[in-house]
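Asks: only geometry, no sequence info:
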């Protein structure tokens, strides 16, 4: 029995550990995005332990953009060449949007209605970089906050809201009016659930709801097409004094106060701090990227499943290991910062169809003296424009033509292209709008990543020929989409069971007028199968270790009887084949030696408990220990 246990354990252990070390078994690092064993284990297990959240992944959310955005500090630039260099690098990285703070205190400085200083118009520098953004084809999310001193009677602290919210409304209206046609998206305040951003006073969701309503009404009056983005809430567990309020609690209070009626887009922060982007633990008391799912869950519970959610700040801090600064925002290497960024964008696109824009925090802090601040090291560039690996990672992630990932995608999604006489109609549709073909010969096409696809169309008119990867759509009779019968909107499958990957769909209108409202993409998640294989390998390894430990224990009991447990013990070597252990760990890099498993087995392989000399009982005379088994004779 002892030999059987030892043999079985050794065999399973060898199989498991050799599988873990093979190049083909990079599944664990690939799937989890981590090289550290602890984080690999956390991410692997969290994949099978999603919190039961309702994120309405197939709701018709109006996300008509690709997610690639960037936070910038253009208002701090003085030299023209630096501004242009910034936009050149943004364009080269395929950045579509920038998120830029517009400090109210920097524009209406001294008094209400006063937009002049001794240096001229306070609007001038904003005119300059907003015009440059339009020149380079980059859109702007303007973050409007930071009230001037004249708007408050109590100026002991910065960022305290104005005494009269209508003063803020006047500023919002002035800004929206001035840049109508150039800027259309506006974020109202930032992180009002924590005291530094709400003027060092207790968080007040009701107060922010009022501020949001005023801003909404004034912005929409100035430009009915303005898009209002709610303040991104700081991911925090809150404090007992109420100065910091849990973002999930705060958001629910905002809805309770009626604030949900006054924003078109919700926003959240995407910081993970001490874990990577594939940590799927979504828990009330945990701050990581998956916390965004909890924000979405609150939105759905309050009937806002059709509104998109934008991630206002995403990033990992690459503070150097030898920096004389406390790592308050996490700490990773520059290489891991780059890897995390790519993994985050991939996960968000593949798993969260309700997320629209994702703004990286940040491109670059403009002043070299900021190097003594932890926030500096979120940057993809240094102040002198030195480029870090995360910049190239972003560039790779944002490269290529738009593609539709799993989820419901509207007719205006950038992955969908049309040819011919298509026009928008407002008679129905998921968001009030849909596309209508004008005549036979009109066509549309899109690429998607997944295993199935369907068209959201209206029955009652129109015929079309549908091709998937150049062949008749397998879910339609000979690839024909015949909508002449019936009425109302329908989701019509065109392909299912496709290989998981990228596919192309072409739709050619053959008769009538086709009413098109978007697509639904689904994906059979192959990750679970991959993880299943990984867990199987891990299980084999663990079972092998247990068998081997059982064999060692059985061998000890058979040779020496049950051990007497005493508080003081020491370890001595056991004569076991060193070649076996050398084979198990040979060529394994340090980050893949899986110390938890290996250490336990190593102890079993080379050590056994032996009584200390001063408490060891004399061996029985009738059963002397053979000379070769005496401790002094053991290797």
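Replies: Happy to help now that I have it. None of the values given here were measured: they were computed from a predicted structure. Residues are numbered from 1 along each chain as shown.
Asks: Quick one: mean pLDDT over stretch 131-143.
Replies: Regarding stretch 131-143, the rounded mean pLDDT is 97.
Asks: Tell me who's in contact with the residue sitting nearest the centre point of the chain.
Replies: The residue lying closest to the centre of the chain (Cα atoms, centre = their mean) is residue 344, at 4.3 Å. Residues in contact with residue 344, defined by Cβ atoms under 8 Å, 6 or more residues apart in numbering, are 270, 277, 289, 314, 358. C-beta: built from backbone N, CA, C; applies to glycine.
Asks: what separates the host helix or strand of it from the chain centre, distance-wise?
Replies: In the assignment (DSSP states H and E), residue 344 maps to helix 334-351. Here the centre of helix 334-351 is set off from its chain's centre by 7 Å, with Cα atoms, centre = their mean, to the nearest Å.
Asks: With residue 126 as the reference, measure out to residue 273.
Replies: Between residue 273 and residue 126 the computed distance is 33 Å (Cβ to Cβ, to the nearest Å).
Asks: oh sorry, the question was meant for residue 225
Replies: For residue 225 relative to residue 126 (Cβ to Cβ), the value is 20 Å.
Asks: Likewise for residue 426?
Replies: Distance from residue 426 to residue 126, counting by Cβ to Cβ: 34 Å.
Asks: what about residue 225 and residue 126, which has more around it?
Replies: residue 126 (21 against 8; other Cβ atoms under 10 Å).
Asks: That one contacts residue 107, correct?
Replies: Yes - if you go by Cβ atoms under 8 Å, residue 126 and residue 107 touch, sitting 7.1 Å apart.
Asks: would residue 409 count as being in a strand?
Replies: Yes - looking at residue 409 with DSSP: H, G, I helix; E, B strand; the rest coil, it is inside a strand.
Asks: Let the chain start at 15 from now.
Replies: Okay, residue one is now 15; in that scheme the one you just asked about reads as residue 423.
Asks: For it, give me its contacts.
Replies: 77, 367, 429, 430, 532, 533, 534, 535.
Asks: For the stretch 365-514 of the chain, which segments count as helices?
Replies: In the stretch 365-514 of the chain, the helices defined using DSSP state H, counting those that start in this stretch lie at 403-412.
Asks: which stretches of it have low pLDDT?
Replies: Low-confidence segments of the stretch 365-514 of the chain, defined by pLDDT under 70: 441-445.
Asks: in the chain, which ranges drop under the pLDDT threshold?
Replies: Within the chain, the segments meeting pLDDT under 70 span 15-65, 441-445, 539-649.
Asks: Map the structural domains onto the sequence of it.
Replies: Domain ranges of the chain: 16-59+549-647, 69-412, 421-536, per automatic domain parsing.
Asks: State the distance spanning the first to the last residue of the shortest one.
Replies: Distance across domain 421-536, first residue to last, is 6 Å (Cα to Cα, to the nearest Å).
Asks: On the three-state scheme, residue 144 is what?
Replies: Residue 144 falls in the helix class when you classify it by three-state DSSP.
Asks: What separation do you get for it and residue 503?
Replies: Here the criterion is Cβ to Cβ. By it, residue 144 lies 39 Å from residue 503.
Asks: ok, those two, which is more surrounded?
Replies: A direct count of neighbours by other Cβ under 10 Å for residue 144 and residue 503 places residue 144 higher, at 20 against 14.
Asks: Not counting sequence-adjacent ones, nearest residue to the more buried one?
Replies: Spatial nearest neighbour of residue 144, excluding adjacent residues (Cβ to Cβ, 6 or more residues apart in numbering): residue 196 at 5.5 Å.
Asks: got a list of what that neighbour touches?
Replies: Applying Cβ under 8 Å, 6+ apart, we find residue 196 in contact with 144, 145, 147, 148, 154.
Asks: ok, the second one - how many residues close by?
Replies: Number of residues near residue 145 (other Cβ under 10 Å) recorded here: 12.
Asks: And for it, nearest residue in space, chain neighbours not counted?
Replies: Closest to residue 145 by Cβ to Cβ, 6+ apart is residue 196, at 7.6 Å.
Asks: same thing with the fourth one?
Replies: Spatial nearest neighbour of residue 148, excluding adjacent residues (Cβ to Cβ, 6+ apart): residue 196 at 5.6 Å.
Asks: go on, the third one?
Replies: Leaving aside its chain neighbours, residue 147 sits nearest to residue 154 (5.4 Å; criterion: Cβ to Cβ, 6+ apart).
Asks: What residues of the lengthiest strand in the chain count as buried?
Replies: Counting by DSSP state E, the longest strand found in the chain is strand 515-525. Neighbour counts over strand 515-525 (16 or more other Cβ atoms under 10 Å) mark 517, 519, 520, 521, 522, 523, 524 as buried.
Asks: For the first one, name its beta-bridge partners.
Replies: Applying DSSP bridges to residue 517 yields these beta-bridge partners: residue 462.
Asks: what residues are up against it?
Replies: With Cβ under 8 Å, 6+ apart, residue 517 has these contacts: 461, 462, 463, 464, 467, 482, 483, 509.
Asks: do the fourth one as well
Replies: Applying Cβ under 8 Å, 6+ apart to residue 521 gives the contacts 457, 458, 459, 469, 478, 479, 480, 481, 495, 528, 530.
Asks: Quick check: it vs residue 533, distance?
Replies: Going from residue 521 to residue 533 by Cβ to Cβ gives 10 Å.
Asks: Spit out the residues that contact the two alike.
Replies: residue 469.
Asks: Could you list the residues in contact with the helix or strand encompassing residue 324?
Replies: Per DSSP H and E: residue 324 is located in strand 323-329. If you take Cβ under 8 Å, 6+ apart as the criterion, strand 323-329 is touched by 85, 113, 155, 201, 204, 243, 246, 279-285, 303, 306, 309-310, 313, 351, 355, 358, 362, 368-376, 392.
Asks: can you map out the strands along the stretch 365-514 of the chain?
Replies: Remark: strands assigned in the stretch 365-514 of the chain by DSSP state E, counting those that start in this stretch are 369-374, 421-424, 430-433, 437-439, 448-450, 457-464, 466-473, 477-482, 485-486, 494-496, 502-509.
Asks: chain center to the second one, what's the gap?
Replies: Centre-to-centre, strand 421-424 and its host chain are 19 Å apart (Cα atoms, centre = their mean).
Asks: Starting from it, tell me which strands it pairs with and how they run.
Replies: Take DSSP bridges as the rule and strand 421-424 pairs in its sheet with strand 529-536 (antiparallel).
Asks: contacting residues around the partner strand?
Replies: In this structure, residues lying in contact with strand 529-536 by Cβ under 8 Å, 6+ apart are 72, 74, 418-425, 427, 430, 439, 443-444, 448-451, 458, 460, 462-472, 475-476, 503, 505, 519, 521.
Asks: what about burial for those residues, which qualify?
Replies: Neighbour counting by 16+ other Cβ under 10 Å classes 72, 74, 418-425, 427, 430, 439, 443-444, 448-451, 458, 460, 462-472, 475-476, 519, 521 among the contacts of strand 529-536 as buried.
Asks: Can you pull the phi and psi angles for residue 101?
Replies: phi -70, psi -30 (degrees, to the nearest 10).
Asks: is it true that it touches residue 154?
Replies: No - using Cβ under 8 Å, residue 101 is not in contact with residue 154, being 11.8 Å away.
Asks: so what's in contact with those two at the same time?
Replies: residue 147.
Asks: Same list (the contacts of residue 358) but as CSV, adding distance to residue 164 and neighbour count.
Replies: As requested, those are exported to CSV (distance: Cβ to Cβ, whole Å; neighbours: other Cβ atoms under 10 Å):
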residue, distance to residue 164, neighbour count
284, 35, 26
291, 43, 25
303, 40, 30
328, 35, 28
372, 36, 25
